[in-house]
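Student: give me coordinates for this.
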Amino acid sequence: MSSGIDEASGLPRGYPFRAEWEISPRQLAAELASGQPPMVIDCRTAEERSVAAVPGSTLVPMTDIPSRQNELGEMADRRIIVYCHRGQRSLRVTAFLRQQGFSDVWSLAGGIDAWSLGVDPAVPRY
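Tutor: Just a heads-up that it's a prediction; the model follows:
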């Protein structure tokens, strides 16, 4: 890993981590490897997803989140992790879902970019 990456979190050193809203790339990797992995939602566009994705994630573009609430509601009892390119859109989706009553929803800190830097360098950066 790059020397500019925090080994514990997998985030670039100095990243302004928001513990009340985010999960680190290394935390997500550990949860995905566990016996009860979370639901991982990619809120980017299909074009962005074609470049890079977290394995096992489900594409639900940010613009589709409100219209797919019923579908997502069926997963309300599961932990949900949302990600985008660098973490800004996923924070907005996380806030929206929490407002809709989802209690265990988190944004992937740094998005797919941080995932590539801190967990899986085979995932292309863009």
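Student: now stretch 119-126, how far from the centre of its chain.
Tutor: Offset of stretch 119-126 from its chain centre (C-alpha atoms, centre = their mean, to the nearest Å): 14 Å.
Student: what does that stretch contact?
Tutor: Residues outside stretch 119-126 that contact it (C-beta atoms under 8 Å, 6 or more residues apart in numbering): 1, 10, 25-26, 28-29, 48, 51-54, 85, 112-113, 115-117. Just so you know, the C-beta spots here come from the backbone N, C-alpha and C atoms, and that holds for glycine as well.
Student: which helices and strands sit right next to the single longest helix found in the chain?
Tutor: Scanning the chain for the helix with the most residues, using DSSP state H, yields helix 88-99. Helices and strands touching helix 88-99, by 3 or more C-beta pairs under 8 Å, 6 or more residues apart in numbering; DSSP states H and E, are strand 80-83, strand 105-108.
Student: before we move on, back to that, so of the contacts of stretch 119-126, which ones are in helices?
Tutor: Checked against DSSP H, the contacts of stretch 119-126 include these in helices: 25, 26, 28, 29, 48, 51, 112, 113, 115, 116, 117.
Student: residues near the fifth one, how many?
Tutor: Looking back up the chat, that one is residue 48. Residues lying near residue 48 (other C-beta atoms under 10 Å) number 17.
Student: what sits closest to it if chain neighbours are left out?
Tutor: residue 85 (6.4 Å; C-beta to C-beta, 6 or more residues apart in numbering).
Student: residue 91 touches residue 21, doesn't it?
Tutor: Yes - look at residue 91 against residue 21 with C-beta atoms under 8 Å: they come within range, at 6.1 Å.
Student: more neighbours: which of these two?
Tutor: Regarding residue 91 and residue 21, a neighbour count based on other C-beta under 10 Å identifies residue 91 as having more, with 19 against 16.
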